[in-house]
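A.B. asks: Any chance you can model this:
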Amino acid sequence: MPFIEIVKEIKTAVFDTIRADSEDYFEGVILKENLGELINRLNGIFGAALWPSKNDLSKEIKGIIEDFGGIMPGQTLYLLRQDNLSIFVMFWPWSDGQHVTIKCGQK
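C.D. replies: Sure thing, here's the model as predicted:
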């Protein structure tokens with residue numbers, strides 16, 4: 001699925017704030033209570049989340065996401081490889097327990 005179509009799917013969720021929306025990167029803030037349907041859509045596109053995992057991420061995957069803040073415990077990463085591109089979606093929960101930053105990019 002092309003990046004633009006994945007972003008369209010993500011945008012069907014109700015966002016509090018859209019921080020960035022360009023041809024290769026999307027970032028927004030969503031309430032945790034609105035994540036359920038978005039997670040279902042992402043699982044349909046990407047399959048199960050790559051992170052969290054019992055295994056470490058490869059150096060290659062870490063390199064793909066490091067320019068976008070990387071991934072830490074408590075966060076979620078979806079990754080899809082198509083042709084020469086990698087498309088990712090990351091969930092970064094806020095410490096308030098109510099908000100989550102969603103980052104989607106391609107590299």
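A.B. asks: those strands in this structure, which residues are they?
C.D. replies: 15-21, 25-31, 76-82, 85-93, 99-106 (DSSP state E).
A.B. asks: JSON lines for those strands, including mean pLDDT?
C.D. replies: Output for the strands of the chain, formatted as JSON lines (pLDDT from 0 to 100):
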{"stretch": "strand 15-21", "mean pLDDT": "97"}
{"stretch": "strand 25-31", "mean pLDDT": "98"}
{"stretch": "strand 76-82", "mean pLDDT": "94"}
{"stretch": "strand 85-93", "mean pLDDT": "96"}
{"stretch": "strand 99-106", "mean pLDDT": "97"}
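A.B. asks: For the ones you listed, give me JSON lines that also has mean neighbour count.
C.D. replies: No exception for glycine: its C-beta is placed from N, CA and C like everyone else's. Formatted as JSON lines, the strands of the chain follow (neighbours: other Cβ atoms under 10 Å):
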{"stretch": "strand 15-21", "mean neighbour count": "12"}
{"stretch": "strand 25-31", "mean neighbour count": "18"}
{"stretch": "strand 76-82", "mean neighbour count": "17"}
{"stretch": "strand 85-93", "mean neighbour count": "20"}
{"stretch": "strand 99-106", "mean neighbour count": "20"}
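A.B. asks: What sits closest to R19 if chain neighbours are left out?
C.D. replies: Taking Cβ to Cβ, 6 or more residues apart in numbering, and ignoring the residues beside it in sequence, R19 has E27 as its nearest neighbour in space, at 4.3 Å.
A.B. asks: Relative to I4, how far out is that neighbour?
C.D. replies: 15 Å (Cβ to Cβ, to the nearest Å).
A.B. asks: Quick one: closest of the strands of the chain to I65.
C.D. replies: Closest approach to I65 among these is made by strand 85-93 (5.8 Å; Cβ to Cβ).
A.B. asks: quick one: that closest one to strand 76-82, angle?
C.D. replies: 170 degrees (axes from the mean of the first three to the mean of the last three Cα atoms, to 10 degrees).
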